[in-house]
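>>> Have a look at this prediction, sequence included:
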Amino acid sequence: MLTQGNWSLECPKLMATIEALQRNLRNFMGEELDSLSLRDLQLLEHQIDTSLKRIRTRKNQLMNESISVLQKKERALQDQNNVLAKKLKENEKTVQAENAQSEQHELAQSSSSFIQPPSPPAATIQFPSLAIGYSFSFSFSYYLS
């Protein structure tokens, strides 16, 4: 348990710790470096290098994970593209077949208007001959439609 005397001892220690942490932070930010010795600067540089290596390792890990996710998406999109391309080819074949069938039907209809259907057999009616002075016969044919 902290007593009044302990508080009076703890407060200056905490203030000194806060000041040291703030100074270290300023040093890490590249500020107030003039007061540092060569050894302090080398130690600071080593700490920054170690931190930078950790940062780069984590960044590379995240980038690799992102690349992996994007590659999976790429494969899925490629599969969808292949399915759609296959459907498109099938639809094109169907449309071409329908167009060809339609053209054949139209051609058959248009050519049938130029070609007369075969005529039904002619019915021949014989009229009785009428002889007046010489013999003459007359026959009449007509088509039933």
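Received it, and whenever you're ready, just let me know what you need. Numbers count the residues shown, from 1 in each chain.
>>> elements contacting the helix or strand hosting residue 61?
According to DSSP states H and E, residue 61 maps onto helix 38-114. Counting contacts by 3 or more C-beta pairs under 8 Å, 6 or more residues apart in numbering; DSSP states H and E, helix 38-114 packs against helix 4-28. Glycine gets a C-beta too; all of them are placed from N, C-alpha and C.
>>> just checking, what packs against the helix it packs on?
Checking 3+ C-beta pairs under 8 Å, 6+ apart, helix 4-28 ends up next to helix 38-114.
>>> Tell me what angle the helix it packs on forms with helix 4-28.
Angle between the axes of helix 38-114 and helix 4-28 is 60 degrees (criterion: axes from the mean of the first three to the mean of the last three C-alpha atoms, to 10 degrees).
>>> how far does helix 38-114 sit from the chain's center?
How far helix 38-114 lies from its chain's middle: 6 Å, per C-alpha atoms, centre = their mean, to the nearest Å.
>>> Could you do stretch 17-28 as well?
Here stretch 17-28 is found 53 Å from its chain centre; the criterion is C-alpha atoms, centre = their mean.
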